[in-house]
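Please find the sequence and the predicted model below.
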Amino acid sequence: MKNLNSKNLNGKWRRSEDHFITRGIPFDFLPDTEALPYQTDEQVLAQVNEWPLIVVKKYGKGRIAAAAWASAPCGSPPTPRWRRRC
């Protein structure tokens with residue numbers, strides 16, 4: 001299992017491989033984000049550190065795309081809901 005410390009989950013978006021879904025997205029200009037800790041054996045298109053952000057998988061005759069990352073109001077550091085205490 002990967003280390004789930006918050007330093008490891010935060011970082012810059014990074015393209016994992018060329019794909020039509022992510023082609024043209026200016027990853028360098030996207031704000032830092034916080035990944036949600038999960039692992040996959042599917043095709044990872046974008047990630048932060050080693051954590052997947054955008055994933056695609058063939059399913060039957062089609063494809064499924066999944067995107068998962070933490071978001072927060074503009075100007076505040078991202079904190080995933082599963083970690084917030086209300």
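Right, received. Where do you want to start? None of these values were measured; they are calculated from a predicted model.

so after the helix or strand bottoming out on mean pLDDT in the chain, what's the next helix or strand?
Across the helices and strands of the chain, mean confidence by mean pLDDT, DSSP states H and E is lowest for helix 6-9: a mean of 68. Where DSSP states H and E defines the elements, the next helix or strand beyond helix 6-9 is strand 10-11.

quick one: strands adjacent to that next one?
Sheet pairing of strand 10-11 (DSSP bridges) gives strand 33-35 (antiparallel).

For the partner strand, what is the distance to the chain centroid?
With Cα atoms, centre = their mean, to the nearest Å as the basis, strand 33-35 stands 6 Å off its chain's centre.

Mind listing what's buried along that strand?
T33, E34, A35 (16 or more other Cβ atoms under 10 Å). Backbone N, C-alpha and C define where each C-beta goes, glycine included.

Can you list the strands that the next helix or strand after it pairs with?
Remark: after strand 33-35, the chain's next helix or strand is strand 43-48, criterion DSSP H and E. If you go by DSSP bridges, strand 43-48 pairs up with strand 14-15 (antiparallel), strand 51-59 (antiparallel).

Look up the closest residue to the residue positioned nearest the centre of the chain, ignoring the ones flanking it.
Nearest residue to the geometric centre of the chain (Cα atoms, centre = their mean): L53, 1.7 Å. Computed as Cβ to Cβ, 6 or more residues apart in numbering, the closest residue to L53 that is not its neighbour in sequence is A46, at 4.5 Å.

tell me the phi and psi of the residue with the largest distance to the centre of the chain?
Largest separation from the mean C-alpha position in the chain: K61, at 25.3 Å (Cα atoms, centre = their mean). For K61, the backbone dihedrals (degrees, to the nearest 10) come out as phi -90, psi 0.
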